[in-house]
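Asker: I'd like to go over a predicted model; first the sequence, then the structure.
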Amino acid sequence: MTAPDSSRPPFYVTTAIAYPNGVPHIGHAYEYISTDAIARFKRLDGFDVRFLTGTDEHGLKMQQTATKEGIPVTELASRNSDVFEAMDKALKISYDRFIRTTDADHLEASAAIWQRMVDAGDIYLDTYAGWYSVRDEAFYTDAETTLLEDGSRISTDTGTPVEWTEESTYFFRLSAYQDRLQKLYEEQPDFIAPATRRNEIVSFVAGGLKDLSISRTTFDWGVPVPGNPEHVMYVWVDALTNYLTGAGFPDTESESYRRYWPADLHIIGKDITRFHTVYWPAFLMSAGLELPKRVFVHGFLFNKGEKMSKSVGNVVDPLDMVERFGLDQLRFFLLREISYGQDGSYSHDAIAARINADLANDLGNLAQRSLTMVAKNLDGKAPNPGAYTAEDEAMLAQADALLDEVRAEFDVQALHLGLEAIWRVLGETNRYFSAQQPWVLRKTDPERMATVLYVTLEVVRIVGILVQPVMPDAGAKILDLLGQDPGARQFADIDTRLTPGTALPAPSPVFPRYVDED
Ligand code: ME8
């Protein structure tokens, strides 16, 4: 674990941990990239960030997939977990720990939270009889399922097959937590975002809560129940506990637990909202542990509006997309195009369009044109500005105001609006550049040209700093081209104006245009 830095405020952010029963798809990549942008943003803004991601390796789904593939489940878990971790690295996900729920400290943490819930009197043994969806790893009531014409039954909500299950299991007294959960949603309206998700959960809980079956006896791929190893924990009990393990639980006195728990932000997809905003806070209340501050629910990604599925053949490997379009280009597209919190669609054409309009034209071209003029006319040195006109002042004021605007959007996870604000200023800067015509001033008023170039480079510098969370490589390249010291690229450095006379390296394009191979 990286040493906590107590001089800065802590910020603990997590992604969901994926089932490694298969390889990652673009929906997983989307979750990691968006959470990574949030983590990087906070680091650049002076926070001591802890960023946790990983894989959720227990449960019947993993067991069944391994059986189908004819390999031991531990082998399936390790093989695919490695693929997830390698993808994270290729996507430059800046996690502090990649947790696997088979890690020794996680088994210990899971046993500890279970024991706390037992001590609270919230766990009892009984018989479960009801519907189970292996694909969702979720229990459903009769009313939550639909009988199909062929006699089979599915979960009405998710469409996955359910099977009748009857076994002796431990139950968690979820029904006892209805009032406390309702109070939580009321007193902390920010606990679940966006509001549509919050409303769904509020009305679900208002409908009453049944006790939850939290152990299984018909297979053994899970964390053994303390004191009764005939049972393994229901996979979601151990899965949710990963967030505690990642902070140092069960050692609640450890420096790391005291510093990072409660988590500031859990990022998850919409299909697992109930687990994170009903079960998870109830488990924590029972265990006498503090609740995370916020759960933000992102939407689902669709391929040209269609659900990704192996049978349709439209499942894309995120790394193929990186190869085709570039990593920063993919990261930017996903976060700019899709309203974070809503479903979104991606297509080859939409990505190409964003790359060419927003990246190659609005940002790349502006940087390239201004830097080339500096290289050719000012001996490659940052210009020395003369007196500012009202237009110059207005342009700089817009760029100076950006950090506050973007921060306000990122604070509520409106990542797309943060980027929109930056691109609005870039649009203004392009209009300013065209109106000022520095290429004409070159002959008529070289001093004025220097001022216009200086103002333009200042906007490019500020934008370069602000896009780093989303496009770490491109942000760094822009700042390199502006001769910025790698140690002076934090948000706090936005206030320090470009030093006139700084020697700039020879300009080279940051964003090539995307041209179709075929
Ligand atoms: O749910 N678009 O794992 P998982 C966007 N192990 N996001 C998507 C998506 C799509 N098409 N498909 C899935 C699990 N996701 C559990 C989590 S957390 C304690 C345990 C998101 O591999 C999904 O919503 O099925 C979830 O947030 C994440 O990918 C992992 O999904």
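Answerer: The structure has been received and is ready for your questions.
Asker: only C-alpha atoms for contact and neighbour calcs from this point on.
Answerer: Fine.
Asker: and the protein, which residues reach the ligand?
Answerer: Taking C-alpha under 6 Å from any ligand atom as the measure of proximity, the chain contacts the ligand at 16-19, 27-28, 56, 239-240, 268-272, 299-301.
Asker: Tell me how many other residues crowd Ala112.
Answerer: By other C-alpha atoms under 10 Å, 18 other residues sit near Ala112.
Asker: excluding its backbone neighbours, what's nearest it?
Answerer: Of all residues not flanking Ala112 in the chain, Pro250 sits nearest, at 6.3 Å (C-alpha to C-alpha, 6 or more residues apart in numbering).
Asker: was I right about that neighbour contacting Ala109?
Answerer: Yes - between Pro250 and Ala109 there is a contact at 5.2 Å, judged by C-alpha atoms under 8 Å.
Asker: which residues do these two both contact?
Answerer: By C-alpha atoms under 8 Å, 6 or more residues apart in numbering, Pro250 and Ala109 have these common neighbours: Leu244.
Asker: How is the residue nearest to Ala112 assigned, secondary-structure-wise?
Answerer: coil (DSSP: H, G, I helix; E, B strand; the rest coil).
Asker: ok, it - contacts?
Answerer: Contacts of Pro250 by C-alpha under 8 Å, 6+ apart are Glu108, Ala109, Ala112, Ile113, Leu244.
Asker: ok, these vs the ligand, which is closest?
Answerer: For the contacts of Pro250, the closest approach to the ligand (C-alpha to the nearest ligand atom) belongs to Leu244, at 10.6 Å.
Asker: for this protein, which spans come out with low pLDDT?
Answerer: For the chain, applying pLDDT under 70 flags the ranges 1-5, 310-311, 518.
Asker: how much space is there between Leu125 and the ligand?
Answerer: 24 Å (C-alpha to the nearest ligand atom, to the nearest Å).
Asker: quick one: contacts for the residue of the stretch 151-300 of the chain found nearest the ligand?
Answerer: Relative to the ligand, the nearest point of the stretch 151-300 of the chain is Gly269 (3.0 Å; C-alpha to the nearest ligand atom). By C-alpha under 8 Å, 6+ apart, the contact set of Gly269 is Ala16, Glu31, Val297, His298, Gly299, Phe300.
Asker: From these, which land in helices?
Answerer: Glu31 (DSSP state H).
Asker: The contacts of Gly269 in strands, which ones?
Answerer: When those are checked against strands (DSSP state E), the matches are Val297, His298.
Asker: filter the contacts of Gly269 to the buried ones?
Answerer: Ala16, Glu31, Val297, His298, Gly299, Phe300 (16 or more other C-alpha atoms under 10 Å).
Asker: With adjacent residues omitted, what lies nearest to the first one?
Answerer: This means Ala16. Ala16's closest residue in space is Ile268 (C-alpha to C-alpha, 6+ apart), at 5.4 Å.
Asker: Listing partners with orientation, what would you give for the strand or helix carrying that neighbour?
Answerer: Element membership for Ile268 (DSSP states H and E) is strand 265-269. Using DSSP bridges, the strands paired with strand 265-269 are strand 10-14 (parallel), strand 295-298 (parallel).
Asker: Pick the most buried one from those.
Answerer: strand 295-298 (a mean of 25; mean count of other C-alpha atoms under 10 Å).
Asker: tell me the SS of Ser370?
Answerer: helix.
Asker: Pretty sure it sits against Leu453.
Answerer: Yes - using C-alpha under 8 Å, Ser370 is in contact with Leu453, at 6.1 Å.
Asker: what about the two, which has more around it?
Answerer: Higher neighbour count among Ser370 and Leu453: Leu453, with 24 against 21, using other C-alpha under 10 Å.
Asker: isn't Ala109 right up against Leu244?
Answerer: Yes - Ala109 lies in contact with Leu244 (C-alpha under 8 Å); the separation is 7.4 Å.
Asker: what ranges do the helices span in the stretch 351-500 of the chain?
Answerer: Using DSSP state H, counting those that start in this stretch, the helices of the stretch 351-500 of the chain run over residues 366-377, 390-411, 415-436, 438-444, 446-466, 472-481.
Asker: so of the ones you listed, which one's packed in deepest?
Answerer: helix 446-466 (a mean of 23).
Asker: got the contact list for that one?
Answerer: Contact with helix 446-466 is made by 363, 366-367, 370-371, 374, 382-388, 392, 395-396, 399-400, 403, 422, 426, 429, 433, 436, 438-439, 441-442, 474-476, 478-479, 482, 489-491, 494, 497-498, as judged by C-alpha under 8 Å, 6+ apart.
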